[in-house]
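Quick one: sequence and predicted model below, then my questions.
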Amino acid sequence: MVESDERAIEVGSAAASYEFARGLTRALAGHSSNFMDAVATEQPTPIRVLLVHGTWPYGRWPASVRAAWHRVIGTRPAVRWFEERSTFREALLSRIPGSVSMDVFSWTGGNSAGARNRAVSDLEMTVRQSATQHPDAIRVVIAHSHGGNIVLRALEQLSASERPHGVVTIATPFIVARPRALLEWERHATLALRIMVLALPAAAILATVSRSALTPYHYIRAACALLISGAVLWIGTRIWQCSQRAVFSRPPAEQVDTARMLVIRAPGDEASLALGFGQVVGSLGYGIWRLLALPARLSSAVAARLPKRLASWLLAPVLLMLALRLVQLLTSWWDPQTCLWWRIAAYAVLITYFFIPIAIAMLALPVAAATLIGVLFALLGRVGFGVEYGLSNLSVEVAAEAVPPGEYKGQLYLVSPNDIPAELNGMRHSAHELDCVRSRVATWMCELRHVLVARSQPMR
């Protein structure tokens with residue numbers, strides 16, 4: 001009899017707790033009890049998860065090459081976190097009740113702005129199709145590393161009805177990039193570098209021969225070197241312009257609603273540390289450039305006028321000399337030694353070609369060398385963000401942040417160092433392999449579903 005009474009009390013307590021929770025949910029929701037009804041009937045709303053990998057998901061080698069290599073050596077390739085039967089996927093499926101289906105969005109994984117731009121366009125189409133095909137499901141996107149930047153930029157192009165209900169980013173260095181206008185002395189210094197690239201090869205060819213031993217062959221070589229230098233300079237300028245377009249064709253997302261977002265960060269993330277080190281290198285190079293390019297800053301007023309005509313000064317005498325030599329070869333009856341205007345032209349060429357460029361080079365050469373140092377440091381500091389960021393060089397400001405740009409309204413989960421096992425030392429960027437991260441993602445997704453169903457409103 002006592003045991004029956006105790007069992008009745010337990011049943012009554014459970015029923016009372018259920019009614020209390022049901023009433024609380026109604027009060028919070030205002031008018032709905034769908035959440036508790038779903039719990040009582042054990043038919044929670046289905047969840048569809050889209051997994052987005054980051055840069056180089058299979059390492060530097062493509063998946064096909066990796067699979068062929070493992071077939072040759074007779075081993076089985078490791079299962080990546082987003083693939084079937086991975087520990088990450090199995091953990092979510094076992095910890096989230098109800099129907100949970102997972103899809104993978106695969107992109108090239110290239111560390112470049114162009115690869116991410118193409119991935120953004122493909123992801124927009126994938127998310128739109130998922131919203132159309134599964135309107136009643138809760139749609140969640142889980143992204144790792146630079147996959148989070150792709151997701152954020154895709155969200156800006158989607159309407160409210162097309163966007164996923166929740167976004168999880170793991171170890172994502174959120175890129176913030178803005179165009180940068182060069183200062184006056186910086187423009188002069190970069191112009192000095194271009195002039196040196198254009199004129200130095202031709203000047204070096206002519207400088208190796210004494211003035212009395214110059215022949216038409218030397219001038220032809222100098223003209224060819226000048227043309228090649230001009231082609232190299234033009235190609236470099238085109239690459240710089242294309243890189244700028246790739247970086248800013250889809251600017252980093254800054255107007256995305258982050259209220260239903262979970263950002264997971266781990267201490268000592270080597271990817272973020274590498275990007276931060278790149279920023280330090282870029283700042284160091286800029287400081288060296290400012291110090292060594294002091295003549296460009298002191299003589300900006302003079303340098304603003306001379307370099308504009310310098311290229312024509314270097315090219316016109318060469319063309320004039322070639323033309324006069326050609327006339328001399330074609331008209332053997334003409335004696336240049338007795339021709340006054342030939343002597344005047346020859347002296348003009350010597351003065352224009354030798355003395356003026358040498359005087360300007362004494363100022364431009366150290367400035368060009370300092371600019372080259374600054375450009376190389378900027379390339380090394382920015383290439384970690386993507387190839388185009390490095391090639392855009394001094395015309396872009398880029399940084400990596402811990403949370404999305406703008407006002408972040410979502411949740412931030414920082415992995416405790418005590419939760420990182422010893423075998424993951426040096427692999428903090430692979431935070432998805434941590435059990436605490438998998439547990440937090442599963443809990444957050446359950447909480448998201450509960451909130452959305454409890455409110456019983458369009459899940460937007």
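On my side now, so go ahead. Numbers count the residues shown, from 1 in each chain.

Would you map the strands across the stretch 51-200 of the chain?
Under the criterion DSSP state E, counting those that start in this stretch, strands of the stretch 51-200 of the chain are mapped to 57-60, 100-105, 138-144, 166-170, 174-179.

burial of P201, as a residue count?
Here the number of neighbours of P201 (other C-beta atoms under 10 Å) works out to 17. C-betas here are computed from N, CA, C, even on glycine.

Quick check: longest helix in this protein by residues?
Identified as the longest helix of the chain according to DSSP state H is helix 216-248.

what's the following helix or strand after that helix?
Toward the C-terminus, helix 216-248 is succeeded by strand 261-265 as the next helix or strand (DSSP states H and E).

pLDDT averaged over that following strand - what is it?
Across strand 261-265, the average pLDDT comes to 94.

how far off strand 261-265 does the helix or strand just after that strand point, in degrees?
Sequence order places helix 270-292 as the next helix or strand after strand 261-265, per DSSP H and E. Counting by axes from the mean of the first three to the mean of the last three C-alpha atoms, to 10 degrees, helix 270-292 lies at 80 degrees to strand 261-265.

Could you report the neighbour count for R238?
Residue crowding around R238 was assessed by other C-beta under 10 Å; the count is 10.

quick one: contacts for V127?
50, 139, 141, 154, 158, 162-164 (C-beta atoms under 8 Å, 6 or more residues apart in numbering).

Next, the contact list for H144, please.
Applying C-beta under 8 Å, 6+ apart, one finds that H144 lies in contact with 52-54, 81-82, 169-172, 432.

Can you pull out the low-pLDDT segments for this protein?
By pLDDT under 70, the low-scoring segments of the chain are 1-43, 60-64, 66-67, 70, 206-212, 250-255, 294-365, 422-427, 456-460.

packing partners for the longest helix of the chain?
Contacting helix 216-248 under the criterion 3 or more C-beta pairs under 8 Å, 6 or more residues apart in numbering; DSSP states H and E are the following elements: helix 113-133, strand 174-179, helix 184-207, helix 306-330, helix 387-392, strand 396-401.

Which residue, other than its chain neighbours, is closest to S283?
G381 (7.5 Å; C-beta to C-beta, 6 or more residues apart in numbering).

give the contact list for that neighbour.
With C-beta under 8 Å, 6+ apart, G381 has these contacts: 278-283, 285, 390.

what about 7 Å?
G381 makes contacts with 278-279, 281-282, 285, as judged by C-beta atoms under 7 Å, 6 or more residues apart in numbering.

can you tell me the helix or strand for it?
Under the criterion of DSSP H and E, G381 resides in helix 356-382.

sorry, back to before: ok, which of the strands of the stretch 51-200 of the chain comes nearest L93?
Evaluated over those, closeness to L93 peaks at strand 100-105, with 5.7 Å, by C-beta to C-beta.

If you count contacts, what does the closest one end up packed against?
Under the contact definition 3 or more C-beta pairs under 7 Å, 6 or more residues apart in numbering; DSSP states H and E, strand 100-105 sits against strand 47-52, helix 87-95.

taking these together, which one is wrapped up most tightly?
Highest mean neighbour count among the helices and strands packed on strand 100-105 (mean count of other C-beta atoms under 10 Å): strand 47-52, with a mean of 24.

partners of that strand in the sheet?
In the sheet, strand 47-52 lines up against strand 100-105 (parallel), strand 138-144 (parallel) (DSSP bridges).

hmm, back to that, including distance to E186, could the contacts of H144 go into JSON lines?
Output for those, formatted as JSON lines (distance: C-beta to C-beta, whole Å):
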{"residue": "V52", "distance to E186": "38"}
{"residue": "H53", "distance to E186": "39"}
{"residue": "G54", "distance to E186": "34"}
{"residue": "W81", "distance to E186": "44"}
{"residue": "F82", "distance to E186": "44"}
{"residue": "T169", "distance to E186": "36"}
{"residue": "I170", "distance to E186": "39"}
{"residue": "A171", "distance to E186": "35"}
{"residue": "T172", "distance to E186": "32"}
{"residue": "H432", "distance to E186": "42"}
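
Would you list the buried entries among those?
If you count burial by 16 or more other C-beta atoms under 10 Å, the buried members of the contacts of H144 come out as 52-54, 81-82, 169-172, 432.

and which of these is nearest I239?
Among the buried ones among the contacts of H144, and counting by C-beta to C-beta, the member closest to I239 is G54, at 25.8 Å.

what sits against the residue nearest to the closest one when sequence neighbours are not counted?
What sits nearest to G54 in space, not counting adjacent residues and going by C-beta to C-beta, 6+ apart, is S145, at 2.5 Å. S145 makes contact with 54-55, 171-172, 271, 429 under the criterion C-beta under 7 Å, 6+ apart.

Check the separation of the first and last residues in stretch 406-414.
Separation of the first and last residues of stretch 406-414 by C-alpha to C-alpha, to the nearest Å is 19 Å.

Give me the buried positions along it.
408, 410-411, 413.

Output the residues you listed as JSON lines; include the columns secondary structure and distance to W69.
JSON lines is the format used below for the buried residues of stretch 406-414 (DSSP: H, G, I helix; E, B strand; the rest coil; distance: C-beta to C-beta, whole Å):
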{"residue": "Y408", "secondary structure": "coil", "distance to W69": "42"}
{"residue": "G410", "secondary structure": "coil", "distance to W69": "40"}
{"residue": "Q411", "secondary structure": "strand", "distance to W69": "40"}
{"residue": "Y413", "secondary structure": "strand", "distance to W69": "36"}
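
between these, which is closest to A231?
Ranked by distance to A231 (C-beta to C-beta), the buried residues of stretch 406-414 are led by Y408 at 47.7 Å.

Now the closest one: closest residue in space that isn't a chain neighbour?
In space, Y408 comes closest to T258 once its chain neighbours are excluded; the distance is 5.2 Å by C-beta to C-beta, 6+ apart.

What about the one you found, how many residues nearby?
By the criterion of other C-beta under 10 Å, T258 has 20 neighbours.

ok, now R290?
R290 has 17 nearby residues by other C-beta under 10 Å.

same question, D435
11.

any idea how far S145 is from it?
Applying C-beta to C-beta, to the nearest Å, the value for D435 to S145 is 20 Å.

Kindly report the same for A177.
With distances taken as C-beta to C-beta, A177 is found 17 Å from S145.

could you check the angle strand 47-52 makes with the helix or strand hosting R440?
R440 is part of helix 435-455, with elements assigned from DSSP H and E. Interaxial angle, helix 435-455 versus strand 47-52 (the same axes, to 10 degrees): 140 degrees.

can you pull the buried residues of helix 435-455?
By neighbour count with 16+ other C-beta under 10 Å, helix 435-455 contains the buried residues 436-438, 440-442, 444-446, 448-455.

What of stretch 183-200?
By 16+ other C-beta under 10 Å, the buried positions in stretch 183-200 come out as 185-200.

Return the closest of the contacts of H144 with respect to A246.
Of all the contacts of H144, A246 sits closest to G54, with 18.8 Å by C-beta to C-beta.

for that closest one, what are its contacts?
144-147.
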